[in-house]
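Asks: turn this into a model:
(chains A, B, C, D, E and F)
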There are 4 protein chains.
Amino acid sequence: MPKVGVETTRRQQLIAATMKAIDEVGLADATVIRIARHAGVSAGIISHYFGGKDGLLEATMRQILSDLGEAVASRRAALRSATPQRRLEAIIDGNFDCSQVVSPVTKTWLAFWASSMHKPQLQRLQRVNDRRLHSNLCHEFCQLMPREAARDAARSLAATIDGLWLRGALSAEGLDGDRSRRLAREHLSRLINDQPAS
Amino acid sequence: MPKVGVETTRRQQLIAATMKAIDEVGLADATVIRIARHAGVSAGIISHYFGGKDGLLEATMRQILSDLGEAVASRRAALRSATPQRRLEAIIDGNFDCSQVVSPVTKTWLAFWASSMHKPQLQRLQRVNDRRLHSNLCHEFCQLMPREAARDAARSLAATIDGLWLRGALSAEGLDGDRSRRLAREHLSRLINDQPAS
Amino acid sequence: MPKVGVETTRRQQLIAATMKAIDEVGLADATVIRIARHAGVSAGIISHYFGGKDGLLEATMRQILSDLGEAVASRRAALRSATPQRRLEAIIDGNFDCSQVVSPVTKTWLAFWASSMHKPQLQRLQRVNDRRLHSNLCHEFCQLMPREAARDAARSLAATIDGLWLRGALSAEGLDGDRSRRLAREHLSRLINDQPAS
Amino acid sequence: MPKVGVETTRRQQLIAATMKAIDEVGLADATVIRIARHAGVSAGIISHYFGGKDGLLEATMRQILSDLGEAVASRRAALRSATPQRRLEAIIDGNFDCSQVVSPVTKTWLAFWASSMHKPQLQRLQRVNDRRLHSNLCHEFCQLMPREAARDAARSLAATIDGLWLRGALSAEGLDGDRSRRLAREHLSRLINDQPAS
DNA sequence: TATGAATGAGATTTCATTCAT
DNA sequence: CATGAATGAAATCTCATTCAT
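Replies: Below is the predicted model:
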């Protein structure tokens, strides 16, 4: 177990260092040396633990997605018997959880998004995550409206959530969690209340 | 005039080749050699016309933003005396103009967005564009609701538009212009119709 | 003859531009484009008139050496019947002629000296010039002292002249012609007056 | 200590290789690849140890100047209580120390001199060295003659020393240390003995 | 005769990875 | 397990030369 402990620690250390490096200088300039320096270790260790830089980047994206998924899942679990709207709000809240809206996470996330366009490994991760969000949203919306309308509502809310992240990551002040949450919730309530008369 | 023609032609050629290269392999792997090959010229010519790779990338981003701005502006100009809602729809339509939603443009745009987080030159361009969109939206919404509400509406619609772009750029099928336009318009009409009773 | 005039003019223009460029940025950074810009012509013309950059550099060195030789020769010619000391002084004066001690000339000269270490074409020119100075000095000293002593005196005076040029080219203030001439003359008079008693 | 040893060794190795390369093909053609090949290492290592080619060149010039300074200083130290003339002779001897008059050193020195005309970093080094020689010479001459005369004597002797180096570096046979030393000493003794009656 | 657009060779530098210690 | 010295591939940029106009 001490071995596992050391290995786990090192991996977490390096993943955190990767986010910090990307936050600081961007994915393109996040060299292994810079990442290793952030973690206080030598560059060679990255190949040792992750098989190479790509492995580290993939592990980092995995970490971000799983943290995000967890933030959503734990909130939904706490509201298993609540109304669909409450659970949709929980999904929104999970996406703007305070652990998710700090600069290293948002910048790294956007960097991976862009990168995933041309890296199959990252693309797969991103698509799984996407589908999960969409299916979660659809599931809840379906209890409030017909399937087709629910799909569109899910698309619309997902786009708004991602758009708020995107604009937050790029803005000078960083992502404003409270305001984003509020705007997303308002959008949600309009989607629910303002359905075309069927 | 032949000289000017050659220079302008080459520049357009290289900018188009840059988008194609980014569409194909991503910004990180869009080397000058690959870009030059796409344009059917030698790599050295890029430094000759743009002073270096950075100059070419900046020019490419400028081109995308100006094309986008033009698509919006021409539509708005045609509706100078229409209702605010019509003009807001024109802004949406401009953002999803068929010339804007092809893969080379959307992928390049997202790549630049990510890159702009750490490149001051690109960041400046991106912020100018952002402010322009926000101010256009605000201007119209202000005629339909109080200032604060208008600001939030502008933020919400802008986030949705960007989110639809983002998700379109990342999806396997590319950006679906018609659906995106429809979702954005529906969001707009809800923002206008479903204001909290003051 | 008009053709010849144009050709001669262009060549002089380009040689002068070469010196100016070397004076400004050094031999290593004196690119054909910079030289051409100094002359107000296009870069391609250099290959046309000199066969290439090397040809231009060689022609420039030739010009400098011939100007220097002329400055010395004309002074000596005016003193054909004077004493050897007078004629040696004339050689010194020629080497520090005001046309020779301006920055473009001294800097270019030193640059060529360094370069001539590894360029046979320039080395040949430099050696011819060297031998000419040495033989001129020897010829005069031989009338004042035994051959071996004369050779040493020539070596000593030549070294001092070159050393004064070298230090002048490198000093912040440039070559001080008057002082250099004075120091060289004092050295000369000591060489003549202070011979070991034979 | 093994680490330090490796670093110091590599740096010395690369500096020596730089001189050899410059001796062989000149500064202009002394590429990092050639230098690295001389040292039996790869080219990338130069950036690793010196931050780039410029750093290596500066370190090489520093080495030459410090070796030269040391050769002079050790000789002067051995003659602290001797006459000024003896100490001046020691300065001359130091400048023509057998470790200094070999081709890689003289050629590299001249190359740097020429280069220093337009490279501030090298220029600074060269000026410091110059001032040191001048001040050393002045200090000794001042004990033998009035200040103004001493300054001129220092200038004259310095020019002769440099001129002998220069001509030695350029001559086909290389610098003849014995003859140069003799000529410089004769110049020195004339400067001391043949002062104008005050 | 003169231009300058274009090429292609070559130089420097960066960087992920490997490996001996 | 960990280091960091070293490599070699790849990328950008510069520049002399050529050639169509």
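
Asks: does the closest residue to residue A:28 other than its chain neighbours count as helix, strand or coil?
Replies: The shortest distance from residue A:28 to any non-neighbouring residue, by Cβ to Cβ, 6 or more residues apart in numbering or on different chains, is to residue B:28 (6.3 Å). Any C-beta I mention is one placed from the backbone N, CA and C, and that applies to glycine too. Three-state assignment for residue B:28 (DSSP: H, G, I helix; E, B strand; the rest coil): coil.

Asks: got it, and residue A:81?
Replies: With three-state DSSP as the basis, residue A:81 sits in coil.

Asks: give me the number of residues near it?
Replies: 6 (other Cβ atoms under 10 Å in any protein chain shown).

Asks: same deal with residue A:190?
Replies: Residue A:190 - counted by other Cβ under 10 Å - has 21 other residues nearby.

Asks: OK, contacts around the closest residue to it other than its chain neighbours?
Replies: Leaving aside its chain neighbours, residue A:190 sits nearest to residue B:190 (4.3 Å; criterion: Cβ to Cβ, 6+ apart). Residues counted as contacts of residue B:190 (Cβ atoms under 8 Å, 6 or more residues apart in numbering or on different chains) are A:190-191, A:194.

Asks: quick one: those residues as JSON lines, columns for distance to residue A:98 and secondary structure too.
Replies: Shown next, in JSON lines, are these (distance: Cβ to Cβ, whole Å; DSSP: H, G, I helix; E, B strand; the rest coil):
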{"residue": "A:190", "distance to residue A:98": "25", "secondary structure": "helix"}
{"residue": "A:191", "distance to residue A:98": "25", "secondary structure": "helix"}
{"residue": "A:194", "distance to residue A:98": "30", "secondary structure": "coil"}
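
Asks: how about CSV for these, with distance to DNA strand F and pLDDT added?
Replies: Below are the contacts of residue B:190 laid out as CSV (distance: Cβ to the nearest atom of the strand, whole Å; pLDDT from 0 to 100):
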residue, distance to DNA strand F, pLDDT
A:190, 46, 96
A:191, 44, 96
A:194, 49, 80
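
Asks: so where's chain A shaky on pLDDT?
Replies: A:1-4, A:196-198 (pLDDT under 70).

Asks: what does it have sitting close to DNA strand F?
Replies: Neighbours of DNA strand F within chain A, by Cβ under 7 Å from any atom of the strand: A:3, A:6-7, A:10, A:41-45, A:48.

Asks: let's see that with 6 Å instead.
Replies: A:6, A:10, A:41-45, A:48 (Cβ under 6 Å from any atom of the strand).

Asks: just the buried residues of those.
Replies: A:10, A:41 (16 or more other Cβ atoms under 10 Å in any protein chain shown).

Asks: for the residues of chain A next to DNA strand F, which one is nearest chain C?
Replies: residue A:43 (35.1 Å; Cβ to the nearest Cβ).

Asks: pull up the gap between the closest one and residue A:14, please.
Replies: 11 Å (Cβ to Cβ, to the nearest Å).

Asks: shared neighbours of the two, which are they?
Replies: residue A:36.

Asks: hmm, the residue nearest to residue A:28 is touching residue A:115, no?
Replies: Yes - between residue B:28 and residue A:115 there is a contact under Cβ atoms under 8 Å: 7.1 Å.

Asks: pretty sure residue A:72 sits against residue A:89.
Replies: No - contact criterion Cβ under 8 Å: residue A:72 and residue A:89 do not qualify, at 11.3 Å.

Asks: so which helix or strand takes in residue A:105?
Replies: helix A:103-116 (DSSP states H and E).

Asks: just residue A:169 next, same as before
Replies: helix A:147-170.

Asks: quick one, that helix and helix B:103-116 angle?
Replies: 40 degrees (axes from the mean of the first three to the mean of the last three Cα atoms, to 10 degrees).

Asks: residues touching residue A:43, list them.
Replies: A:32-33, A:36.

Asks: next, format the residues you listed as CSV and append distance to chain D, neighbour count and secondary structure.
Replies: Below are the contacts of residue A:43 laid out as CSV (distance: Cβ to the nearest Cβ, whole Å; neighbours: other Cβ atoms under 10 Å in any protein chain shown; DSSP: H, G, I helix; E, B strand; the rest coil):
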residue, distance to chain D, neighbour count, secondary structure
A:32, 15, 20, helix
A:33, 11, 12, helix
A:36, 16, 19, helix
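
Asks: nearest to residue D:52, of those residues?
Replies: residue A:33 (16.4 Å; Cβ to Cβ).

Asks: now the closest one. Nearest residue, chain neighbours left out?
Replies: That would be residue A:43: by Cβ to Cβ, 6+ apart, it lies 4.9 Å from residue A:33.

Asks: with residue A:74 instead?
Replies: Using Cβ to Cβ, 6+ apart, the closest residue to residue A:74 is residue A:94 (7.5 Å).

Asks: can you check residue A:27 too?
Replies: Residue A:27's closest residue in space is residue A:111 (Cβ to Cβ, 6+ apart), at 4.0 Å.

Asks: how near is that neighbour to residue A:61?
Replies: For residue A:111, the distance to residue A:61 - Cβ to Cβ - is 9 Å.

Asks: so where do the strands sit in chain A?
Replies: For chain A, no strands are identified by DSSP state E.

Asks: which residues in chain A form helices?
Replies: A:2-25, A:32-39, A:44-50, A:53-77, A:84-95, A:103-116, A:120-141, A:147-170, A:177-193 (DSSP state H).

Asks: now those in CSV, with distance to residue D:144?
Replies: Below are these laid out as CSV (distance: least, Cβ to Cβ, whole Å):
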stretch, distance to residue D:144
helix A:2-25, 63
helix A:32-39, 59
helix A:44-50, 64
helix A:53-77, 69
helix A:84-95, 88
helix A:103-116, 72
helix A:120-141, 80
helix A:147-170, 75
helix A:177-193, 83
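
Asks: residue D:140 is nearest to which of those?
Replies: Closest among the helices of chain A, using Cβ to Cβ: helix A:32-39, at 52.3 Å.

Asks: does any part of that closest one sit near DNA strand E?
Replies: Yes - under the criterion of Cβ under 6 Å from any atom of the strand, DNA strand E is reached by helix A:32-39 at A:32-33.

Asks: show me what that helix is packed against.
Replies: Using 3 or more Cβ pairs under 8 Å, 6 or more residues apart in numbering or on different chains; DSSP states H and E, the elements in contact with helix A:32-39 are helix A:2-25, helix A:44-50, helix A:53-77.

Asks: just put those helices in CSV and tack on distance to residue D:167.
Replies: Below are these laid out as CSV (distance: least, Cβ to Cβ, whole Å):
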stretch, distance to residue D:167
helix A:2-25, 53
helix A:44-50, 53
helix A:53-77, 56
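
Asks: tabulate those in TSV, adding columns for distance to DNA strand E.
Replies: As requested, these are exported to TSV (distance: least, Cβ to the nearest atom of the strand, whole Å):
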stretch	distance to DNA strand E
helix A:2-25	9
helix A:44-50	4
helix A:53-77	4
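
Asks: just to revisit the earlier point, of all pairs in the residues of chain A next to DNA strand F, which one is the farthest apart?
Replies: Maximum distance among these (Cβ to Cβ): 18.4 Å, for A:6 and A:43.

Asks: do I have it right that residue A:73 meets residue A:94?
Replies: Yes - in this structure, residue A:73 is within contact of residue A:94 by Cβ under 8 Å, at 7.5 Å.

Asks: what's the neighbour count on the closest residue in space to residue A:112 that isn't next to it in sequence?
Replies: Closest residue to residue A:112 apart from its sequence neighbours, by Cβ to Cβ, 6+ apart: residue A:61 at 4.7 Å. Neighbours of residue A:61 under the rule other Cβ under 10 Å: 25.

Asks: which ones are touching residue A:61?
Replies: A:108, A:112, A:116, A:122, A:125-126.

Asks: of these, which is the most crowded?
Replies: residue A:108 (26 neighbours).

Asks: quick check, it in contact with residue A:19.
Replies: Yes - the pair residue A:108 / residue A:19 is scored as a contact, 4.7 Å apart, by Cβ under 8 Å.

Asks: using PDB, write out every CA atom in stretch A:96-105.
Replies: Extracted as PDB, the C-alpha positions of stretch A:96-105 are listed here (Å, rounded to 0.1, in the frame of the first residue of the first chain):
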ATOM      1  CA  PHE A  96     -21.000  25.800 -11.800                       C
ATOM      2  CA  ASP A  97     -19.900  24.200  -8.600                       C
ATOM      3  CA  CYS A  98     -17.300  26.500  -6.900                       C
ATOM      4  CA  SER A  99     -14.700  23.700  -7.400                       C
ATOM      5  CA  GLN A 100     -15.300  23.900 -11.100                       C
ATOM      6  CA  VAL A 101     -15.200  27.500 -11.900                       C
ATOM      7  CA  VAL A 102     -11.700  28.400 -10.800                       C
ATOM      8  CA  SER A 103      -9.300  29.500 -13.500                       C
ATOM      9  CA  PRO A 104      -7.100  26.400 -13.800                       C
ATOM     10  CA  VAL A 105     -10.100  24.200 -14.300                       C
END
